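Chemist: Below: sequence and its predicted model.
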Amino acid sequence: MKNLTRLAVLGVASALALTACGSSDSDDSASGDKVIKLWLAGETDTPEALTKWLEKEYEADNEGTDLKIEHIDWGQLVPRLQTALSDENQTPDVFEVGNTQSPTFTSVGAFTDLTDKVGELGDDIGPESFVEAGAYDGKQFAVPYYWGSRYVFYSKKAFADAGIALPTTLDAFNTAVVELKKKSGDKNYSGFWVPGQDWRNGISWIFANGGDIAVQEGDSWVGKLSSAESVKGLEAWKNLSDNASAAPKDGLDAEAWVPFNNGEAAAFMAPGWARWSVPEEMAADLGGFALPGNDGAAAPVFAGGSNIGISAKSKNQDEAFALLQLIYSDEYQSLLAENGLGPANPEFTAKMGEDEFAKSAVDAASNSKLTPTSPNWTEVETSQVMEEFFGKIAGGADIAKTAADYDAKLAEILNK
Amino acid sequence: MAQAMTDTEAPPGVPATAPPPVRNRRRRPAPYLLLVPALATLLLGLGYPLVRQVAMSFQEFGLAQQFGTADPGWIGFDNYVEILSDPTTWAVIARSVVFCFAAASLTLVIGMGVALLMRSISTVARLILQVSMLAAWATPLIASLTVWNWLFDTRYGVVNWLLVKIGFEGMEGYSWLANPWTFFLVAGVIVVWMSVPFVAFSLYAALTQVPEETLEAAQLDGASRTQRFRHIIVPTIRPVLSIVMLLQIVWDLRVFAQIKYLQGAGGTVSETNLLGTYLYQLGIAQSEYGVASAVAMVMLLLTLGLTFGYVRSLLREERAS
């Protein structure tokens, strides 16, 4: 019998040893504090100074709590949320989600309904398109966290050397960047960096020509990539891809500043925070302007940024709302703005600064657009449908035919 | 198992005193108890998800069901009908099977070559070869994928640079991942590179079991190098060969990380999906858990079907010995 016990112990021990590999590492909060979990997207999108401030202030305001902030990589965000949000023991209490990803989660009840409480966060929160993306069925589930807009970064010297004035219309811009490449005489040089699969910037050429991705007609979504306006925009963009850029036809929008920093591109388009990826010694040469439209105003750009909300399964609803209030506090909104992230409270937009970058950001945001607000849009993004489409156009596929094919693909996904 | 337990014959070559009497062995609970943790972990870790997966493949199960806002309804074979009537699924299956056999065969041929090489080179050279293969084998997946991706980079990659240097001017700025054919070429190179060390080591170990005397005798009888390889070496190491091929087929059929990574680095997703990434796209990206479960079941059946022959021949060999 003694032998048997020993064997049983051995059995249990080895089973435990097998499972031990999967156990998670423990946290510093051994004192039995209530843990509030906040999931933020991207490793550095919310700068460390801001998360430090949040942790310190929140724990000071709320005795006996421990705010744990986790940074989730953008690529992992949706899958992680899909599994964690449905389990009350795993769910973050408050979480950030990309603005275009919010409809996926609002439509299935993953967020706590904030309709009655939005007033407590501020009177005039925005941008409006973000608030809409966070609403579903007349209820408000998620609120804007920060916004950013895409604008053009350029080398002042490159434009001056080529004797090209800053363009004020889209047509002038298109001509200018082709000219820049031609004058350089170097086939590896880009007047404007246009990676083939970079649809988030390329979409501006569609928008500026009056085209769209997809629109809702009655109860169903209809793809608009093959509309005459969209095709016109795509042709202009394809011309840039061929004649202004040396970027790979299968290139993505990530790290668009690399060729610029290497002196191999005169201009690139990226969200405002790209500015901090250009090295200090090049800062004097770096300029920015909002992509101009053909009507003289800024061209519509794809609005970047995030929404934030409370998980419906969170066991700490009150504490979670307190955290949301702290995020909407004047101090935190100022901190966001000072770090170049567009604040949800427009009173603090001015804090983004007075320089040309802040001005470009605000200009570009004045005419920003979101992707179709279908709950299925996330699927378009995770399946990389738009990357494929732009990549094929850049690669030389027939524009009208390819656009019609992808309109069909979009309709199939969005109308599921 | 039962057969092994009642088998009273001592294995050849083992002294008769070594195995304890059968009567005694049967009463001892230790072997069974030692199996318990492994079985329990297997049941918990694999059994439950498998049962859940089978059930889900017959259900309508999406994000709404996951969050409990809608009940999963039983829909019979609808998920299966949906995927099997979709030409995309068949394209993915065909692509996966071709890729799997191409990669597995190439791995085996190269692995065999390296194993034979290791037998005939000096100790120092062999050690260098073994250490470098171990390093390749031990490199973390994402780290090595990053390096491979850089090698094949359109603008800065050393592969394009080298090809231009040796005269292929057209390869300047070539996007390897944009075209599905070159995409799979790159993916194949990476997959094979990662699998060769394991195959080479296994086969090298097997080769040490080939009796030198037999080879020498055959040589004296005038058997050529090829004849010796075909008629002595291959039959001797056949069990190892089959098991390595079996493992390679299973691994290469469910290849995921390499494809997923390369798709993220510029590949055209819809034209480069293999079963693993297709499954991920349906299940994780589109939250169609029901449909994805059905694809997973098809993948399971496919794996069983493809490996059936190997498993049967393995069992036959075991029984024969």
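Modeler: That came in fine, so what should we check first?
Chemist: Secondary structure element holding residue B:114?
Modeler: Assigned by DSSP states H and E, residue B:114 belongs to helix B:87-120.
Chemist: can that helix be found next to chain A?
Modeler: No. Looking at helix B:87-120 against chain A by Cβ under 8 Å from any Cβ of the partner chain, there are no contacts, and the closest approach is 11.2 Å. Just so you know, the C-beta spots here come from the backbone N, C-alpha and C atoms, and that holds for glycine as well.
Chemist: Could you pull out the buried residues of the helix or strand just after that helix?
Modeler: Using DSSP H and E, the helix or strand that follows helix B:87-120 in sequence is helix B:123-138. Across helix B:123-138, burial judged by 16 or more other Cβ atoms under 10 Å in any protein chain shown covers B:129, B:130, B:133.
Chemist: Determine the set of other helices and strands touching helix B:123-138.
Modeler: Contact here means 3 or more Cβ pairs under 8 Å, 6 or more residues apart in numbering or on different chains; DSSP states H and E; on that basis helix B:123-138 packs against helix B:87-120, helix B:180-207.
Chemist: CA atoms only for that helix, dumped as PDB, please.
Modeler: What follows is helix B:123-138 as a C-alpha-only set of coordinates in PDB (Å, rounded to 0.1, in the frame of the first residue of the first chain):
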ATOM      1  CA  THR B 123      35.700  13.700 -37.300                       C
ATOM      2  CA  VAL B 124      36.500  17.400 -37.300                       C
ATOM      3  CA  ALA B 125      34.500  18.200 -40.400                       C
ATOM      4  CA  ARG B 126      31.700  16.100 -39.100                       C
ATOM      5  CA  LEU B 127      31.600  17.900 -35.800                       C
ATOM      6  CA  ILE B 128      31.500  21.300 -37.500                       C
ATOM      7  CA  LEU B 129      28.700  20.000 -39.700                       C
ATOM      8  CA  GLN B 130      26.800  18.700 -36.700                       C
ATOM      9  CA  VAL B 131      27.200  21.800 -34.600                       C
ATOM     10  CA  SER B 132      26.000  24.000 -37.500                       C
ATOM     11  CA  MET B 133      23.000  21.800 -38.100                       C
ATOM     12  CA  LEU B 134      22.200  21.800 -34.400                       C
ATOM     13  CA  ALA B 135      22.400  25.600 -34.400                       C
ATOM     14  CA  ALA B 136      20.000  25.800 -37.400                       C
ATOM     15  CA  TRP B 137      17.600  23.400 -35.600                       C
ATOM     16  CA  ALA B 138      17.800  25.300 -32.300                       C
END
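Chemist: can you list the helices and strands packed on helix B:123-138 in JSON lines and add mean pLDDT?
Modeler: JSON lines is the format used below for the helices and strands packed on helix B:123-138 (pLDDT from 0 to 100):
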{"stretch": "helix B:87-120", "mean pLDDT": "95"}
{"stretch": "helix B:180-207", "mean pLDDT": "95"}
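Chemist: quick one: which of the buried residues of helix B:123-138 is nearest chain A?
Modeler: The closest of these to chain A turns out to be residue B:133 (Cβ to the nearest Cβ; 26.0 Å).
Chemist: which stretches of chain B form strands?
Modeler: Secondary structure of chain B by DSSP state E: the strands cover B:59-60, B:73-74.
Chemist: The last one: partners in the sheet, and parallel or antiparallel?
Modeler: Using DSSP bridges, the neighbouring strands of strand B:73-74 in the sheet come out as strand B:59-60 (antiparallel).
Chemist: any idea how far the partner strand is from the chain center?
Modeler: Put simply, strand B:59-60 sits 31 Å off its chain's centre (Cα atoms, centre = their mean, to the nearest Å).
Chemist: between the helices and strands packed on helix B:123-138, which one is nearest to residue A:336?
Modeler: Residue A:336 lies closest to helix B:180-207 among these, at 40.6 Å (Cβ to Cβ).
Chemist: Output the below-cut-off pLDDT ranges for the stretch 201-321 of chain B.
Modeler: Low-confidence segments of the stretch 201-321 of chain B, defined by pLDDT under 70, span residues B:321.
Chemist: can you give me the helices for it?
Modeler: Assigned by DSSP state H, counting those that start in this stretch, the helices in the stretch 201-321 of chain B fall at B:212-220, B:225-228, B:234-253, B:257-264, B:269-272, B:275-280, B:289-320.
Chemist: and what of the stretch 301-416 of chain A?
Modeler: A:317-327, A:330-338, A:356-365, A:377-382, A:385-394, A:399-414.
Chemist: Show me what the longest one is packed up against.
Modeler: This means helix A:399-414. Helix A:399-414 sits against strand A:214-217, strand A:220-223, helix A:228-243, helix A:377-382, helix A:385-394, with contacts defined as 3+ Cβ pairs under 8 Å, 6+ apart.
Chemist: same check, this time on the first one
Modeler: Contacts defined by 3+ Cβ pairs under 8 Å, 6+ apart place helix A:317-327 against strand A:34-41, helix A:48-61, strand A:94-98, helix A:118-121, strand A:304-310.
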